[in-house]
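>>> here is the input, now give the coordinates:
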Amino acid sequence: MSQTSLNRARILLVDDSSANREMLAAALACLDVELVEATNGEEGVAAARAGDFDLILMDVYMPVMNGVDATRAIRALEGSRAQTAIVGFTVDVRPEQMSRYEEVGMNDVIAKPVDPAELIRKVFYWSSVSGDDDTAYI
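Residues are numbered from 1 along each chain as shown. Presented below is the predicted three-dimensional model:
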């Protein structure tokens, strides 16, 4: 795998802020990925249920359904879709919150404001991890 190719990995980006989605999409534009966007956790769960993704990028704080509840719902899905790696992003990275994110099934968390280089590193890592491993690595 080259540094700029993830073999057309499918990534679900769930964030209520269009500005955040634009910024994250721009950061990932140098990669060969298919980016599907959802504007809240409820839409994210529906997309995860309907499609096969290599990675889900999930904002933690959103209206309609937040990222914690959406992660729980995705982990409750049947089959391999429940095992898709989920990387949350949030301003709240206090240790007690990090434990909570891990408990609900997030594999990793990126602190906001999101550093594009960190985002790309985590996308490469989590897009290549087997979907059979549901271990959290926060």
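>>> can you point me to the longest helix in the protein?
helix 116-128 (DSSP state H).
>>> buried set for it?
Residues of helix 116-128 classed as buried: 119, 120, 122, 123, 124, 126, 127 (neighbour count, 16 or more other C-beta atoms under 10 Å). C-beta: built from backbone N, CA, C; applies to glycine.
>>> so can I have a markdown table of those residues showing distance to residue 24?
Below are those laid out as a markdown table (distance: C-beta to C-beta, whole Å):
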| residue | distance to residue 24 |
| --- | --- |
| 119 | 7 |
| 120 | 11 |
| 122 | 12 |
| 123 | 10 |
| 124 | 15 |
| 126 | 14 |
| 127 | 14 |
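>>> which one is residue 36 nearest to, not counting chain neighbours?
Nearest in space to residue 36, with sequence neighbours left out and distances taken as C-beta to C-beta, 6 or more residues apart in numbering, is residue 12 at 5.1 Å.
>>> what's around the one you found, how many residues?
Other residues within reach of residue 12 by the criterion other C-beta atoms under 10 Å amount to 24.
>>> export the host helix or strand of it as PDB, just CAs?
In this assignment (DSSP states H and E), residue 12 forms part of strand 5-14. What follows is strand 5-14, C-alpha atoms only, in PDB (Å, rounded to 0.1, in the frame of the first residue of the first chain):
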ATOM      1  CA  SER A   5      -3.600   4.900  -1.300                       C
ATOM      2  CA  LEU A   6      -5.800   2.900   1.000                       C
ATOM      3  CA  ASN A   7      -7.000   0.700  -2.000                       C
ATOM      4  CA  ARG A   8     -10.200   2.800  -2.100                       C
ATOM      5  CA  ALA A   9     -11.200   2.300   1.500                       C
ATOM      6  CA  ARG A  10     -14.800   3.200   2.300                       C
ATOM      7  CA  ILE A  11     -15.000   5.600   5.200                       C
ATOM      8  CA  LEU A  12     -18.200   6.800   6.900                       C
ATOM      9  CA  LEU A  13     -17.800  10.400   8.300                       C
ATOM     10  CA  VAL A  14     -20.500  11.300  10.900                       C
END
